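Visitor: sequence and predicted structure are below.
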Amino acid sequence: MTAPVLSTPAFSLFPQWLPVAAAQPAMSAPWWQWIASTDSLTARLMAAGEPGTFRVRLLRQTIGLPQRDEALALGIAPRRYAWLREVALCVDETPWVVARSVAPLHQLQGKGLGKLGERSLGSWLFQQPDLVRGPLEATATPPRFTHQQPGLSANSLWGRRSVFEHGGLSLLVQEYFLSTMADALGLPSR
Ligand SMILES: C=C(O[C@@H]1C=C(C(=O)O)C=C[C@H]1O)C(=O)O
């Protein structure tokens, strides 16, 4: 059986999300280790790079409308305002991963996420004792949110997403792994 959706990313206008297990046949074993892991990506990137070289670069944090597929993943109406956060996860100043997180605005009260700045959202999330992570999905379609840094999306090899639940908050985290990371770690192109 082939994976037709994943083999033609250049022709897809919208991300095509598949359960990670369904994307596995199109994915090399080293990439599977990264895409299917359910622990903190921040912690994994810190361990993969030279000590002290990991940094979250804040690209955008704002209130806005989610994309249709994001609203669907969160189970909210598409025209409901949401908290949007876009970052580049950098090692030694090179972006390895770009991420976009989306949360329904009305669920954010008292969580203090507005003050996160360039601290990792993942480090905060994984400290929450009641954290539950939903199923992971994968895509080979590049992200659409990096319009201010067009070079970044062109370098995307794999994307993944999942919804985190904590204290009444549902947070959709989408992470796109860039070819710069593959180059630095000697990973295959897919
Ligand atoms: C979900 C995690 O958080 C990471 C940190 C992010 C941020 O600071 O905005 C965004 C997405 C993740 O890649 C994680 O570390 O696993």
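Guide: In hand now; what should we look at?

Visitor: what sits against the residue of the chain found nearest the ligand?
Guide: Ranking the residues of the chain by distance to the ligand (CB to the nearest ligand atom) places Gly122 first, at 1.9 Å. Where you see a C-beta, it was placed from the backbone N, CA and C, and this is true even at glycine. When contacts are counted by CB atoms under 8 Å, 6 or more residues apart in numbering, Gly122 touches 40-43, 173.

Visitor: for it, which three-state class applies?
Guide: Reduced to three states with DSSP: H, G, I helix; E, B strand; the rest coil, the structure at Gly122 is helix.

Visitor: setting the sequence-adjacent residues aside, check what's closest to it.
Guide: Counting by CB to CB, 6 or more residues apart in numbering, Thr42 is the residue found nearest to Gly122 once chain neighbours are left out, at 3.8 Å.

Visitor: got the phi and psi for that neighbour?
Guide: phi -50, psi -50 (degrees, to the nearest 10).

Visitor: wait, doesn't it sit right on Leu89?
Guide: Yes. The pair Thr42 and Leu89 passes the contact test of CB atoms under 8 Å, sitting 7.2 Å apart.

Visitor: residues from this structure in reach of the ligand?
Guide: Applying CB under 6 Å from any ligand atom, one finds that the chain approaches the ligand through 40-42, 56, 85, 87, 89, 97, 99, 101, 120-122, 125, 173, 175.

Visitor: would you list the buried entries among those residues?
Guide: Among the residues of the chain next to the ligand, those classed as buried by neighbour count (16 or more other CB atoms under 10 Å) are 41-42, 56, 85, 87, 89, 97, 99, 101, 120-122, 125, 173, 175.

Visitor: just the ones of the residues you listed in strands?
Guide: In strands, defined here by DSSP state E, the members of those are 56, 85, 87, 89, 97, 99, 101, 173, 175.

Visitor: which one of the residues you listed is nearest to Gly134?
Guide: Checking those against Gly134 with CB to CB, the nearest one is Val173 at 10.0 Å.

Visitor: beta partners for the closest one?
Guide: For Val173, the residues forming beta bridges with it (DSSP bridges) are Ser101, Ser162.

Visitor: distance of it from Ala103?
Guide: Applying CB to CB, to the nearest Å, the value for Val173 to Ala103 is 10 Å.

Visitor: how close does the nearest residue to Glu175 once chain neighbours are set aside get to Pro25?
Guide: Across the structure, with CB to CB, 6+ apart as the measure, the residue nearest Glu175 apart from its sequence neighbours is Ala99 (4.6 Å). Plainly put, Ala99 is 25 Å away from Pro25 if you go by CB to CB.

Visitor: low-confidence ranges in this protein?
Guide: Within the chain, the ranges that satisfy pLDDT under 70 run 1-15, 146-150, 153.

Visitor: ok, which stretches of it are helices?
Guide: Using DSSP state H, the helices found in the chain span residues 4-7, 20-23, 29-35, 41-48, 68-74, 121-125, 150-154, 179-185.
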